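Participant: With the sequence up front, the predicted model follows.
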Amino acid sequence: MMAGYTGNCGGGGKVATLMQSPAADGLFHRAIMMSGSGLQGSRPRVDREIALSMLRYLHMDSIDELQKDPLKDFIAATNAAFKETEGKKESVLDALRFELTPNDTYKGEAILVGLREHAKQIPLMIGNVFAEFNMRAVMPNKRHASESEIHAYLSEIFEEATDRIIEEFKKAYPQKSLGDLGALDHIFRPPTIALADLRAKDHCSNTYVHMNAFEAPQDDGLPIWHCGDLDFLFHSAELSPIHQIPGYTSEFQEKVFTGFMTFAKTGNPNNELIPNWPEYKMGSEYTMMFDKTIEPRLDYDRELMADVAKYRHHDTLIDF
């Protein structure tokens, strides 16, 4: 039996899938989803066209034949298929859909069909990082730009909602530079909140939510990017030059690492290195913020996420 199962990005989606799969019951009794939780929505029409395009490229009649094909041919077929169906993607988020067709093996995505009873009993740690795929939208020279320059930059993104979103961001992330607002994730945080809310409404115990908002010193301050938190999880930040902040990185890493390892061992991340990390419950929707100050924040960004998603849903920052 595995003590816990951890996944990042697609791995996080696979953790969510296993929790909705009866055949996986008993294989693990704790779960961690990092930047990949509950990405709701499917694109079965496009997925099917991609699969058929790959088979045509390889002159095959069935998916089973793919298992016998050399990897290099599979990669070439994948690239050709995505190029052929490129114009059929509804948005840039299509590439991040993890949902599978529900059947006897897989009951469907929890946000869409509800949690399985067994999944409700599995302690879950769920969260993501500040910038994810939007890290390229950090305002250049953000720490030295004037207020009017920052406002003009953000207005290109958030248009008439700029002033409202700025005020919401200041309340949600008081330790961040306003120039970071353009890079704020809008892909993973909303479904993280949705899945945590679902567990809270179903009175699931041992749900813990986190946000990693580490900022690397490069480029006038670079908010943490997709999978950038893995160095801390694996206690290997000293091997990453971009993460180095003398007198800070090692301590930050120890707190993140210990919280995750404690959860994997006990189903509860609380330990002597961090402040009390409350469970996520209805009326007590806490997220543990890992930033310059590590502290639990109560339902701190719900309105901000709703507003940001309206203006970032159709952007083109992610380039697949």
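Facilitator: Looks like it came in fine. What you see is a predicted model, and the numbers here were worked out from it, not measured in a lab.
Participant: any idea how far Phe133 is from the residue most central in space within the chain?
Facilitator: The residue lying closest to the centre of the chain (C-alpha atoms, centre = their mean) is Ser35, at 2.1 Å. Ser35 sits at a distance of 9 Å from Phe133 (criterion: C-beta to C-beta, to the nearest Å). C-betas here are computed from N, CA, C, even on glycine.
Participant: what do you get for Thr85?
Facilitator: Taking C-beta to C-beta as the measure, Thr85 falls 21 Å from Phe133.
Participant: and the two? which has more neighbours close in?
Facilitator: Neighbour count, other C-beta atoms under 10 Å: between Thr85 and Phe133, Phe133 has more, with 22 against 18.
Participant: Verify the stated contact: the more buried one with His226.
Facilitator: Yes: applying C-beta atoms under 8 Å, one finds Phe133 in contact with His226, separated by 5.5 Å.
Participant: coming back round to it: what's the overlap in contacts for Ser35 and Phe133?
Facilitator: His226 (C-beta atoms under 8 Å, 6 or more residues apart in numbering).
Participant: show me what contacts Arg199?
Facilitator: So Arg199 contacts 115, 120, 124, 207, 280 (C-beta under 8 Å, 6+ apart).
Participant: tell me the SS of it?
Facilitator: With DSSP: H, G, I helix; E, B strand; the rest coil as the basis, the three-state label of Arg199 is helix.
Participant: Strands of the stretch 1-150 of the chain, start to end?
Facilitator: 5-8, 31-34, 124-129 (DSSP state E, counting those that start in this stretch).
Participant: how many neighbours does His118 have?
Facilitator: By other C-beta under 10 Å, 14 other residues sit near His118.
Participant: Just give the nearest non-adjacent residue to it, would you?
Facilitator: Sequence neighbours aside, Asp25 is the residue nearest to His118 in space, at 5.2 Å (criterion: C-beta to C-beta, 6 or more residues apart in numbering).
Participant: my guess is that neighbour contacts Ala119, does it?
Facilitator: No: with contact defined as C-beta under 8 Å, Asp25 and Ala119 do not form a contacting pair (9.1 Å).
Participant: So the two - more neighbours on which side?
Facilitator: Ala119 (22 against 15).
Participant: Could you count how many residues lie near the nearest residue to that one once chain neighbours are set aside?
Facilitator: Excluding the flanking residues, the one nearest Ala119 by C-beta to C-beta, 6+ apart is Met19, at 4.2 Å. Residues within reach of Met19, counting by other C-beta under 10 Å, total 22.
Participant: Likewise for Leu304?
Facilitator: Leu304 - counted by other C-beta under 10 Å - has 22 other residues nearby.
Participant: Quick check: chain neighbours aside, which residue is closest to it?
Facilitator: Closest to Leu304 by C-beta to C-beta, 6+ apart is Glu168, at 4.0 Å.
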